[in-house]
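[1] Take a look and give me a structure for this.
(chains A and B)
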Amino acid sequence: MTRRRVILIVAGAVIAAVIASVAIGAALPQSTTYDAYSPLVGKPAPSFSGTTLVGHRSVSLAAYRGRYVVVNFFASWCTPCEDEAPALEQFAYDSASIATLVGVEFEDVDSTAASFLRQTGSTYPAISDPGEKIAMAYGVKGPPDTYVISPRGVVVAHIAGPVTERGLDTVIAKVRREGA
Amino acid sequence: MSRRLLALCWLGVVAVVAVALAMGAHRTHPASLAARTAQVAALVRCPVCDGLSVEESSAPIARALRNQIRGELAAGRSAAQVESGLATRYGESILLSPPRSGLTLGVWVVPLVAVAGAVGGLGLFFWKRTRTLQEVRPGVPSPGEPT
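    Numbers count the residues shown, from 1 in each chain, chains lettered A, B, ... in the order given. Here you go, the predicted model:
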């Protein structure tokens, strides 16, 4: 085999490997970290209030004091957000006695986000975030991003990536065990 | 030109450079609020972009962060205070330039130590090589020795 031929084969193999790894990476579902780092964990949750995208009701974090609050940042253009939507809706329904789920739109148009919520059948309160103020207060790096707030108003967990109902249940059970 | 005059000229140049450097170091307020905002924004990573600063990105969150930086600087906060405020919410990774304290100090110190080690190693290598050559060929001059 000539030297030139060997170089061509090696170069072809390298290009094929790069294309394959990119394709596999894109096809794999986004991974979720249920104990993702956030400097806010252990600190008082930044307060917020807003108007729901569907129904235009007022929502305030302070009103949920005494309950666990799960704050989920989402966007209509975010595919993993679409994937986790049924799990969030189920969690909101099943855990209504101890926790409240609040959605916060991220980098989205209100009307598009409202359509997304209707399409995914989400009935929990989801608010708009003009000027990305709530996202900046929570240090959101991209949706879906979820924060769990204790009944005392302290951030007790940060979840990066799409959640499952079981995953959320596990996080809530863990922080309850720890007395948060 | 006499030697004394030449020396005086050099002294003058050194004095002008020293004064310019001192003035530059003590200048606390660069041009305008827009310039200071751009300066800080260039050091803040856009949270949703790959390798872009808040200054470079046109993402809504980058725009919002630029507005926030501008507002805080206008309120009298220093660039360091604005950066540290962002780090308390996003973590140190929001800063494109790691802080010069704690564990991240290593990011600044390690390259300097590596360069110093490399230069020292090279110096040692050439010094030993010259000595070896001197032992083999006694006529080879040692470094610093007049030829």
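[2] Chain B: helices as residue ranges?
    Assigned by DSSP state H, chain B shows helices spanning B:3-26, B:33-41, B:60-74, B:79-90, B:105-136.
[3] Quick one: distance of the first one to the chain centre.
    Looking back up the chat, that one is helix B:3-26. Relative to its chain's centre, helix B:3-26 lies at 23 Å (C-alpha atoms, centre = their mean, to the nearest Å).
[4] Could you do the last one as well?
    Centre-to-centre, helix B:105-136 and its host chain are 23 Å apart (C-alpha atoms, centre = their mean).
[5] Contacts only, for B:Pro47.
    A:139-142, B:61-62, B:65, B:90, B:94 (C-beta atoms under 8 Å, 6 or more residues apart in numbering or on different chains). No exception for glycine: its C-beta is placed from N, CA and C like everyone else's.
[6] separation between it and B:Ala59?
    8 Å (C-beta to C-beta, to the nearest Å).
[7] same check, this time on A:Val69
    Distance from A:Val69 to B:Ala59, by C-beta to C-beta: 27 Å.
[8] Now render the helices of chain B as a markdown table, adding distance to chain A.
    Below are the helices of chain B laid out as a markdown table (distance: least, C-beta to the nearest C-beta, whole Å):
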| stretch | distance to chain A |
| --- | --- |
| helix B:3-26 | 32 |
| helix B:33-41 | 14 |
| helix B:60-74 | 4 |
| helix B:79-90 | 4 |
| helix B:105-136 | 18 |
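[9] right, so those: which one is the most enclosed?
    helix B:60-74 (a mean of 19; mean count of other C-beta atoms under 10 Å in any protein chain shown).
[10] list the helices and strands that one packs on?
    Applying 3 or more C-beta pairs under 8 Å, 6 or more residues apart in numbering or on different chains; DSSP states H and E, one finds that helix B:60-74 contacts helix A:133-138, helix B:33-41, helix B:79-90.
[11] Kindly state the domain boundaries assigned to the chain.
    Because you didn't say which chain, this covers chain A. When chain A is parsed into structural domains using automatic domain parsing, the resulting residue ranges are A:1-29, A:49-177.
[12] Let me rephrase: I mean chain B.
    B:3-98, B:99-147.
[13] Run a quick neighbour tally on A:Arg67.
    15 (other C-beta atoms under 10 Å in any protein chain shown).
[14] go on, A:Gly131?
    Neighbours of A:Gly131 (other C-beta under 10 Å): 13.
[15] How about A:Val156?
    22.
[16] Any figure for the gap between it and A:Val102?
    15 Å.
[17] returning to that earlier point: and A:Val69 and B:Ala59? which has more neighbours close in?
    The neighbour comparison of A:Val69 against B:Ala59 (other C-beta under 10 Å) goes to A:Val69, with 21 against 17.
[18] one step back: and among the domains of chain A, the most buried is which?
    domain A:49-177 (a mean of 19).
[19] Contacts for stretch A:166-173 next, please.
    Taking C-beta under 8 Å, 6+ apart as the rule, stretch A:166-173 contacts A:32, A:34, A:68, A:70, A:87, A:91, A:95, A:98-99, A:146, A:148, A:157, A:159.
[20] Report whether the longest helix along chain A contacts chain B.
    If you go by DSSP H, chain A has its longest helix at helix A:3-27. No. Using C-beta under 8 Å from any C-beta of the partner chain, helix A:3-27 stays clear of chain B, coming no nearer than 13.7 Å.
[21] any idea how far the next helix or strand after that helix is from the chain center?
    Downstream of helix A:3-27, the first helix or strand assigned by DSSP states H and E is strand A:49-51. Distance of strand A:49-51 from its chain centroid, counting by C-alpha atoms, centre = their mean, is 18 Å.
[22] can you put the helices and strands packed on helix B:60-74 in CSV and add distance to B:Phe125?
    CSV is the format used below for the helices and strands packed on helix B:60-74 (distance: least, C-beta to C-beta, whole Å):
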stretch, distance to B:Phe125
helix A:133-138, 53
helix B:33-41, 43
helix B:79-90, 42
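[23] In a markdown table, list the ones you listed along with distance to A:Arg152 and mean pLDDT.
    Formatted as a markdown table, those follow (distance: least, C-beta to C-beta, whole Å; pLDDT from 0 to 100):
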| stretch | distance to A:Arg152 | mean pLDDT |
| --- | --- | --- |
| helix A:133-138 | 17 | 98 |
| helix B:33-41 | 34 | 96 |
| helix B:79-90 | 20 | 95 |
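[24] Quick one: closest of the ones you listed to A:Gly12.
    Evaluated over the helices and strands packed on helix B:60-74, closeness to A:Gly12 peaks at helix B:79-90, with 42.4 Å, by C-beta to C-beta.
[25] Can you name every helix or strand that the closest one contacts?
    In this structure, helix B:79-90 makes packing contacts with helix A:133-138, helix B:33-41, helix B:60-74, judged by 3+ C-beta pairs under 8 Å, 6+ apart.
[26] for these, which one sits closest to B:Val110?
    helix B:33-41 (26.1 Å).
[27] The closest one to helix B:79-90, inter-axis angle?
    50 degrees (axes from the mean of the first three to the mean of the last three C-alpha atoms, to 10 degrees).
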